[in-house]
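K.L.:
take this sequence and fold it.
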Amino acid sequence: MVSSSVLRTSQWATTHLHAAGWLSVMLDDPEVEVAGVYQPGRKLF
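P.N.:
As a prediction, the model looks like this:
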């Protein structure tokens with residue numbers, strides 16, 4: 001069953017080891033729209 005709705009999502013923090021894989025999977029999925037990617041600066045922590 002194919003849904004007509006799209007899941008809008010974002011990725012928070014891009015420096016973990018699995019982040020690139022997650023982003024790749026989301027970008028390849030036609031039912032997912034990546035709305036943004038956020039990487040907080042180290043000055044915040």
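
K.L.:
all contacts plus neighbour counts: C-alpha atoms, from now on.
P.N.:
Noted.

K.L.:
check contacts around the residue nearest to the spatial centre of the chain.
P.N.:
Using Cα atoms, centre = their mean, the residue of the chain that lies closest to the mean C-alpha position is Gln11, 3.6 Å off. If you count contacts by Cα atoms under 8 Å, 6 or more residues apart in numbering, Gln11 has them with Leu23, Val34, Gly36, Val37, Tyr38.

K.L.:
same question, His18
P.N.:
Contacts of His18 (Cα under 8 Å, 6+ apart): none.

K.L.:
and the residue lying closest to Ser10 once chain neighbours are set aside, which helix or strand is it part of?
P.N.:
Spatial nearest neighbour of Ser10, chain neighbours left out: Gly36 (4.8 Å); criterion: Cα to Cα, 6 or more residues apart in numbering. Here Gly36, judged by DSSP states H and E, is contained in strand 32-38.

K.L.:
for that strand, buried residues please.
P.N.:
Residues of strand 32-38 classed as buried by neighbour count (16 or more other Cα atoms under 10 Å): Val32.

K.L.:
pull up the pairing partners for it, direction included.
P.N.:
strand 7-12 (parallel) (DSSP bridges).

K.L.:
and the next element down the chain from the partner strand?
P.N.:
helix 19-28.

K.L.:
how about that following helix: buried residues?
P.N.:
Those would be Met26, for helix 19-28 by 16+ other Cα under 10 Å.

K.L.:
coming back round to it: bridged to the residue nearest to the centre of the chain, which residues?
P.N.:
Beta-bridge partners, per DSSP bridges, of Gln11: Val37.
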